[in-house]
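**Q** structure of the sequence below:
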Amino acid sequence: MITIRKSDDRGRANHGWLDTHFTFSFADYFDPEHVQFRTLRVMNDDRVAGGGGFPMHPHRDMEIVTYVLEGALEHRDSMGNGSVIKPGDIQYMSAGTGVTHSEANASKTDPVHLYQIWMMPDKSGHKPAYDQRNFTEAEKRGKLRIVASPDGREGSVKIRQDNELYATVLGPGESVKHALKPARHAYVQVARGSVKLNGKALDMGDGAAISAEKAIELTGVKDAEVLLFDLS
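**A** Numbers count the residues shown, from 1 in each chain. Alright, predicted model coming up:
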């Protein structure tokens, strides 16, 4: 079963400096039909104007992954980490027992476009943790590159949940396939471009929740970048 969530059906908030779309209920947006999917809790499609950003704020007991598509995002946190996240980077922060952080557009003039993703942890009370890795476009071109996993295999970011996150870059006609084990689920999010998911059309911003399917096939229609979650 594939349930498509069209881009325009998502929640939206525009604060001037931040234009964001919510796949799942978040902040002042609440939709009882879209609170979370499995342990995938937040999928925010954020565009932050030059000079804009989120001041220091707290989190706890959440696995947070940030994926930048365009521009650069500056990160600071109470663990002492400071970095600039650019396209190709995967940033991971496990909030655990509690952490504060800030995120700001690293440019005063150019926008930054990113996805921020939250997953429920396997248990509460972990010690906060941080990691950041880079995955080149060549690693994702025409293939599914695992970028986050519970075991950190193939150089992926190690997360505290039985989920896997893959990224792919597809040109027109390029295809990738992913087998789903019994009792596993998946979520697909089109970050840019257009694809077909098992023959169904998905455009930029569209997502799809997938259950009771044996395999997933993604085929590029327009140059596309896609995130695929394999979920328990």
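**Q** can you get me a residue count around the closest residue to Thr39 other than its chain neighbours?
**A** Spatial nearest neighbour of Thr39, excluding adjacent residues (CB to CB, 6 or more residues apart in numbering): Met120 at 4.3 Å. No exception for glycine: its C-beta is placed from N, CA and C like everyone else's. Residues lying near Met120 (other CB atoms under 10 Å) number 18.
**Q** quick one: Met120 from Val35, how far?
**A** Separation of Met120 from Val35 (CB to CB, to the nearest Å): 12 Å.
**Q** next: Thr97.
**A** Computed as CB to CB, the Thr97 to Val35 distance reads 24 Å.
**Q** what do you get for Leu180?
**A** Per CB to CB, Leu180 is found 23 Å from Val35.
**Q** check which residues of the helix or strand bottoming out on mean pLDDT in the chain are buried.
**A** Here the helix or strand of the chain ranked lowest by mean pLDDT, DSSP states H and E is strand 53-59, holding a mean of 84. Residues of strand 53-59 classed as buried by neighbour count (16 or more other CB atoms under 10 Å): 53-54, 59.
**Q** strand partners (parallel or antiparallel) of it?
**A** strand 99-105 (antiparallel) (DSSP bridges).
**Q** the next helix or strand along the chain from the partner strand - contacts with which helices or strands?
**A** For strand 99-105, the following helix or strand on the C-terminal side (DSSP states H and E) is strand 112-119. Packing partners of strand 112-119 (3 or more CB pairs under 8 Å, 6 or more residues apart in numbering; DSSP states H and E): strand 40-48, strand 63-70.
**Q** which one's the longest strand in the chain?
**A** Identified as the longest strand of the chain according to DSSP state E is strand 215-231.
**Q** please name every helix or strand in contact with it.
**A** Under the contact criterion of 3+ CB pairs under 8 Å, 6+ apart, strand 215-231 touches strand 164-170, strand 175-179, strand 185-197.
**Q** can you put the ones you listed in CSV and add distance to Met1?
**A** Shown next, in CSV, are those (distance: least, CB to CB, whole Å):
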stretch, distance to Met1
strand 164-170, 20
strand 175-179, 16
strand 185-197, 10
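**Q** for Lys6, find the nearest of those.
**A** Of all the helices and strands packed on strand 215-231, it is strand 185-197 that lies closest to Lys6, at 10.6 Å by CB to CB.
**Q** pick out whichever of Leu180 and Val35 has more residues nearby.
**A** Leu180 (17 against 11).
**Q** that one contacts Glu217, correct?
**A** No. Using CB atoms under 8 Å, Leu180 is not in contact with Glu217; the gap is 11.4 Å.
**Q** from Leu69, how far out is the residue nearest to Gly52 when sequence neighbours are not counted?
**A** The spatial neighbour of Gly52 that comes closest, neighbours along the chain excluded (CB to CB, 6+ apart), is Trp17 at 3.2 Å. Distance from Trp17 to Leu69, counting by CB to CB: 18 Å.
**Q** also Asn44?
**A** Here Asn44 is placed at a distance of 13 Å from Leu69 (CB to CB).
**Q** between those two, which one's more packed in?
**A** Between Asn44 and Leu69, counted using other CB under 10 Å, the more crowded position is Asn44 (21 against 16).
**Q** leaving out the residues flanking it, which one is nearest to that one?
**A** Using CB to CB, 6+ apart and skipping the chain neighbours, the partner closest in space to Asn44 is Gln116 (4.8 Å).
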